[in-house]
Structures are given as C-alpha cells and as structure tokens.
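Trainee: Turn this into a structure:
(one chain, ligands or ions: 1)
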Amino acid sequence: MEPPGALPRPRSPAPEAAEPPGSPALPAEEHPPAAQEAKRRGPGPQGPAECGARVGAGDGREPGGRARRPRVTVDSSKAKTSLEALKISLRQLRWKEFPCGRRLPCDIYWHGVSFHDNDIFSGQVNKFPGMTEMVRKITLSRAVRTMQYLFPLEYNFYPRSWILPDESSFFEKEIRMMKDRDPSWKPTFIVKPDGGCQGDGIYLIKDPSDIRLTGGLQSRPAVVQEYICKPLLVDKLKFDIRLYVLLKSLEPLEIYIAKDGLSRFCTEPYQEPTLKNLHQVFMHLTNYSLNIHSGNFIHSDNANTGSKRTFSSILCRLSSKGVDVKKVWSDIISLVIKTIIALTPELKVYYQSDIPSGKPGPTCFQILGFDILLMKNLKPMLLEVNANPSMRIEHEKELSPGVFENVPSPVDEEVKVAVIRDTLRLVDPHKQKKKDYWILQEHGYYKTSFFFFCCSSQTLEHVSDAKEELLDAGPPERLDHDVSTALEAGLPSLCLKQVFPKYAKQFNYLRLVDRVAALFIRFLGVKGTTKLGPTGFRTFIRNCKLSNSNFSMASVDILYIDITRRWNSMGIDHKESGMCWQAFVEAFFFLAQKKYKSLPLPEQVASLIDFCEYHLAVLDEKRLVCGRG
Ligand code: ADP
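Mentor: Purely as a prediction, here's the structure:
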C-alpha cells in the first residue's frame, strides 16, 4: 500500500510506494527515440506553468488559421507527487493546466490523495470517494471474503486471511484443526498491519501463538494471511508485479489495464521460510522501499535487468522458456476484473454518500496499483490494491555519503506518463461532448450533468458556457476532426486496454453483491449516510415483503440489533450509528439462507435479490400510478 498523500520522503528513495528505474515500455516502434523525447517534454514551456497558462502556446489559432477549440482545463493544484508526470502528460496533450487552481470550474481535477482534496461540484476527478478506505488491508480482505463465500473457486487468487484482533481466537482454532488433520502441514503466515505501507510492521510467523498482540505498531488491527511459500523465482529471487489499472467508471463499470507493469525484486536469494530465515526481509518482502537499503540492490536503466524491471521483460523470458504467457495475462486480467467486482458494491455505498444520484457533483475515475505475486505454478495471487500508486518519475540518489539528489528515472517516466496521459485521453470531456451533442440535437435538452448546473447563479453561467462550447464545437464530425485528429495525431497508441465491459459476459454472473448494494443504498435514503438505521431496515423488510408469520417484525428488530451491535463493536467506524454495509450483507445472506434453504448458496442470494427487486418494482409501479392519478 502507498503512504497516504506521500510527499517525497527526505533522504529516501522514491517510494514504490516509491518507484525506481525500470518500468513498462510501449513497443519500440511506438517510441522512436527522437519522437519519444519530443513527446516526452511536449510542445509547451518546460518550466512550471503559470497559473492558468495555456499549455502549448501560439496565437490561439490552429495551423490552418482556424479558431482553436476550447482546451480541456485541468486543475493540478492538488496533484502532489504525481505533479511532474501530470505536467508532462498535459503538455503532450496540449491541455490547459491550472497549477494554482481556478476560480471557474475546471473540466478535470487531479488529486494526489483523495476525492476530498478539493471541494468540487462538477467536472471529473481522478479519485473515487471511499477508495482509500476500500483498499485498506482489512476492508479489501472483507470484500474478497464475501465473494469467496459465494464463489470460492473464482476467488481463490487471494490468500486465506484472518482479521486481527477480532478473529484471533478463530484463527488459532482453525489452524490447530487443520494441523491436527494434516500433521505434515507446516504453514507460514504473514502479519500485515491495517493501513500499513511499504512493508512497515510486516512480519512472518510459523504459529498463531507468535502474533505480537501487544506493544506499539503491532497492537494495530492487522490482517494475517497464509504466506505463499512457493513464488515464481527469476535469477533465484522473489519478485512481485505492479500493474496499473484504470477504473474509468463505476456505473456502468469500465476497467482498463496498462499493457505493461513493473516487477520489483528481492535482493537476497529466496529460500522457503524456516524459523532461521523468517526475519530476512530482503528475501521475503519485495518492497522497493525496503530492498533499496540492501547492499545488493541494483539500479539499472535497462528494463531487463536490475532490482526493478518491466513485467514484459519477465514475460519475454518466460516465453522463451516455453511458458504460455497469454494464459498468464488472461489469468491476471481475470484477477483484476474479479477484484474490482468485489470492491464495487461498497464503493457505490461510499459514492452515493458523497454524490447522491440526482444531485450535482463530479464524475470520478481512478488509477489503481495492483500488487500481484506469481506462484511457481504461474498462478497470479493478489497481494494488495493501492488507491494512490506512486506516480513519481524521479528517485533520490546518494551521490556521496549523506549527499542526496533527485535524479530522473527515465523508465518510471515513460510508464507513468503514458498511464496518466492515456487515462486523460480516455476521460477526455470533448469526446464526451461529442456524444452529448447528439442528445442536444435530437431531443433539445442537455445532458443531466449540465442540467444540474441550473442550481445556482454561478453554475447557471456554466450552463451557458457549456452550451456555447457545445454549439461552438460544431457538428460531431468537425469535433472529431479538430479534437481527436489534431490532438491524438503523433501520440502513441493507448497503453491502456479495455477489459470491462469487453469481457463482461464472462464475469457478469459474479456481480450479485452489486445488486445487494443497490437495495442497501435505496433504503439509506439521506445524503451523507453509509449506515442503515432501524427504520430503514424495517422499511426494507416490509417493502420487500420479507416478514411473515415465521419471521415477525420483532424478529427483524432482533436481527438488526444483533448484527449491527456485533459489527459496530469491531470498531472500524464509530462516527455514525446504524447498520454498516458489511453488516447488511451478513443480514441479507442470513435471510437468503432462511428463505431458500434447499438451494446452493449463490442461488439463495440470487433468488432473494430477484424476490426483493420484484416487490420493489411492483411498489414503484403502484406509486407511479398513484402519482399520475
Ligand atoms: P505493504 O502495503 O506494506 O507493501 P503488502 O501487502 O504489499 O504490504 O506486502 C508487502 C510484501 O510482502 C509484498 O510486496 C510481498 O513481497 C510480501 N507478501 C505480502 N503478502 C504475501 C503473501 N501472502 N505471501 C507471500 N508474500 C507476501
């Protein structure tokens, strides 16, 4: 996990968390060296852009003498450590950067830490509300566990995990039972503090009784996981993979994966864990921020060597040994899609609490960093998801003892600039406007997001701006020509590949919990809430016709109190009272089991969802008829 809002750490290398040299490259033909350098710096000024300065200048006219289209505006005032890579991307795209922010709304807001870095009411922002909370070790483990409960085979890419301290005794009991059953089983476990990053506080144990429950860092809530003892080795070293994934939209779900990633290497030859080597972090943990301190760390600008390499270089090597690398990639794509499917339900709960549907607000997208370990048998395993993967394109170098300097890391720059630039190309609001233009022409109304601007006089101004911009842009063909052709010409092909909805057919059956989230959100009601009150829960039961002579409203209240109290005592979020999302999932699964005992588990849940959706649709229909009446 990345440190939240990581600023350059003094006297330490760029975190990968900090990332050093050696990272993904697009195919060589897409980057002829001269063109690459020109593209890298872009046509704009090299120094820091002035506030509100137009990037890529001129006389305001295109080369043909035509008036220039309004440029996409980007507020980079909160970009933090991703600022350098963002600036280069914007120059390449010739978009307009506002490094100090802007009085008027911008098209895009680029945040370094979270959705809340700026107060935004329109445009697009590169963070989803709640994502940082969602990918914390405990929350991620819980979300994946829910999916493992429904689809154990599909979600076997995540190591078996327990949450500490809540499940300490359960963990001990389960391991004791498994050892009794198979005395030859000699497992190792890895303990990771919740919210930790860069390997901080992580340690390996052989027995549950070795967990350090007292004292400083170790008393924090944590996840304990089965340790993957047989990783794939390259040059006898353990390594992991950092992949960049773009969650372009939550509804409808759109996911892109960067074509290449980074491989971060350990710096001591790997041996399976024994009591003797358990503490050797350079052998067991692949974190760059740890291994950089090993005397064996190799900085290399060559993507195929050193302690940080491109993932494609590893795949090439595997391919030359006859490995089916297409299969490895397709397993990785499937891991990414399934993980995001596990995250989306709760993410939607967070999203509606910050941006309730039907209210003005920005739309979101986000670049995520997936950390993946390949096992010896080439099966990819998910280690963690980073909400703020490091986008730094330089690292600190110790020139002489105690003297440090920031030096550019060309490979990081190439990968990260490409990921940011191509993310921006994919969310380009002008392309969106092309779609809206047709709505305007054919139906004579604006896209709902424009409509919302009518809420205040300041935003009304925006409506007319938007309208003018739309009309000024001319018919879509023209816009296509001006924006897509002129700006995209000379840029390399996209480094991000769409995987969803492209492969939706194969994965849609897993999206059951999303539908449970839709029910939960419907009954949450009030803006800013993520927890369901007792009245909301009762209304859910009543409206979905779930109570009967066998299950009275008194039993409903008891169920609500029992589950809510237990989840709240786990003490993740005491700010609000009420039933949290995970508690609702538990209650829902309980109800499904009760009502459809004879069915297999996922079908129990699917049947209850169908049942609830049916009754709510009937109710909505009735209300509509009454309303009309
Ligand atoms: P952090 O956020 O502190 O980096 P990670 O979950 O990424 O925590 O774990 C740190 C490192 O520990 C990983 O990069 C990986 O090398 C190793 N690791 C983590 N989980 C496992 C596991 N279940 N099996 C084997 N190695 C693991």
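
Trainee: how about the helices in the stretch 451-600 of the chain?
Mentor: 457-472, 476-479, 486-488, 504-507, 512-524, 534-543, 553-569, 581-595 (DSSP state H, counting those that start in this stretch).

Trainee: do you know which of the ones you listed lies nearest I332?
Mentor: helix 504-507 (14.0 Å; C-beta to C-beta). Placement of C-beta: from N, CA and C, glycine included.

Trainee: tell me what the closest one is packed against?
Mentor: helix 325-354 (3 or more C-beta pairs under 8 Å, 6 or more residues apart in numbering; DSSP states H and E).

Trainee: Could you tell me how far the helix it packs on lies from the centre of the chain?
Mentor: 8 Å (C-alpha atoms, centre = their mean, to the nearest Å).

Trainee: so what strands line up beside the helix or strand just after that helix?
Mentor: Next in sequence after helix 325-354, counting helices and strands by DSSP states H and E, comes strand 363-364. Here strand 363-364 is paired, per DSSP bridges, with strand 124-125 (parallel).

Trainee: For the nearest residue to P208 once chain neighbours are set aside, grab the count of nearby residues.
Mentor: Leaving aside its chain neighbours, P208 sits nearest to E172 (4.3 Å; criterion: C-beta to C-beta, 6 or more residues apart in numbering). Around E172 sit 15 other residues, with neighbours defined as other C-beta atoms under 10 Å.

Trainee: How about L335?
Mentor: The burial count for L335: 20, using other C-beta under 10 Å.

Trainee: got it, and L153?
Mentor: Number of residues near L153 (other C-beta under 10 Å) recorded here: 6.

Trainee: cool, T274 as well?
Mentor: T274: 10 surrounding residues under other C-beta under 10 Å.

Trainee: All further residue positions should be reported with the first residue as 15.
Mentor: Done: numbering now begins at 15, and the last item shifts to T288.

Trainee: how close does it sit to T202?
Mentor: Using C-beta to C-beta, to the nearest Å, we find T288 at a distance of 9 Å from T202.

Trainee: Please apply the same query to P424.
Mentor: With C-beta to C-beta as the criterion, P424 and T202 are 38 Å apart.

Trainee: do you know which of the helices of the stretch 465-614 of the chain lies nearest the ligand?
Mentor: helix 595-609 (20.8 Å; C-beta to the nearest ligand atom).

Trainee: Can I get the closest one in CSV? Just the C-alpha atoms.
Mentor: Taking Å, rounded to 0.1, in the frame of the first residue of the first chain, the C-alpha atoms of helix 595-609 are listed here in CSV:
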residue,chain,number,x,y,z
TRP,A,595,-22.7,-2.3,4.6
GLN,A,596,-20.9,-5.4,5.7
ALA,A,597,-23.5,-6.0,8.4
PHE,A,598,-26.3,-5.6,5.9
VAL,A,599,-24.6,-8.2,3.7
GLU,A,600,-24.5,-10.6,6.6
ALA,A,601,-28.2,-10.0,7.3
PHE,A,602,-29.1,-10.4,3.7
PHE,A,603,-27.2,-13.7,3.4
PHE,A,604,-28.9,-14.9,6.6
LEU,A,605,-32.3,-14.0,5.2
ALA,A,606,-31.5,-15.7,1.9
GLN,A,607,-30.4,-18.9,3.7
LYS,A,608,-33.6,-18.8,5.8
LYS,A,609,-35.9,-18.4,2.8
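
Trainee: need the contact list for Y163.
Mentor: F603, L615 (C-beta atoms under 8 Å, 6 or more residues apart in numbering).

Trainee: and it, helix, strand or coil?
Mentor: With DSSP: H, G, I helix; E, B strand; the rest coil as the basis, Y163 sits in helix.

Trainee: related to what we said a few turns ago, these two touch, right, the residue nearest to P222 and D224?
Mentor: No. Contact criterion C-beta atoms under 8 Å: E186 and D224 do not qualify, at 10.8 Å.

Trainee: Would you agree the residue nearest to P222 falls within a helix?
Mentor: Yes. When three-state DSSP is applied, E186 is found to be in a helix.

Trainee: What pLDDT does the model give it?
Mentor: pLDDT for E186: 95.

Trainee: next structured bit after the helix or strand harbouring D194?
Mentor: Using DSSP H and E, D194 sits in helix 182-195. With elements assigned by DSSP H and E, the helix or strand that comes after helix 182-195 is strand 203-207.

Trainee: what mean pLDDT does that following strand have?
Mentor: 96.

Trainee: Next: stretch 156-163.
Mentor: 97.

Trainee: right, and the secondary structure at the residue in the stretch 415-564 of the chain that the ligand sits nearest to would be what?
Mentor: Closest to the ligand within the stretch 415-564 of the chain is D426: 17.8 Å, counting by C-beta to the nearest ligand atom. State at D426, reduced to three classes by three-state DSSP: helix.

Trainee: Hmm, R406 and it touching each other?
Mentor: Yes. Using C-beta under 8 Å, D426 makes contact with R406 at a distance of 6.9 Å.

Trainee: one step back: using a markdown table, lay out the helices of the stretch 465-614 of the chain together with distance to D634, mean pLDDT and mean neighbour count.
Mentor: A markdown table is the format used below for those (distance: least, C-beta to C-beta, whole Å; pLDDT from 0 to 100; neighbours: other C-beta atoms under 10 Å):
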| stretch | distance to D634 | mean pLDDT | mean neighbour count |
| --- | --- | --- | --- |
| helix 471-486 | 30 | 32 | 14 |
| helix 490-493 | 36 | 41 | 14 |
| helix 500-502 | 44 | 59 | 17 |
| helix 518-521 | 26 | 98 | 13 |
| helix 526-538 | 10 | 96 | 21 |
| helix 548-557 | 10 | 97 | 18 |
| helix 567-583 | 22 | 95 | 15 |
| helix 595-609 | 20 | 97 | 20 |
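
Trainee: Out of those, which is closest to R85?
Mentor: helix 500-502 (9.3 Å).

Trainee: Helix or strand for the closest residue to Q607 other than its chain neighbours, just tell me which one.
Mentor: Among residues not flanking Q607 along the chain, Q618 sits closest, at 5.7 Å (C-beta to C-beta, 6+ apart). According to DSSP H and E, Q618 maps onto helix 615-642.

Trainee: Surely P374 and F135 touch.
Mentor: Yes. In this structure, P374 is within contact of F135 by C-beta under 8 Å, at 5.4 Å.

Trainee: Let me see the contact set for N140.
Mentor: I122, Y123, W124, H125, C378, F379, Q380, I381, T437.

Trainee: Just list whatever residues bridge to the first one.
Mentor: Translated: I122. Going by DSSP bridges, I122 forms beta bridges with V88, Q138.
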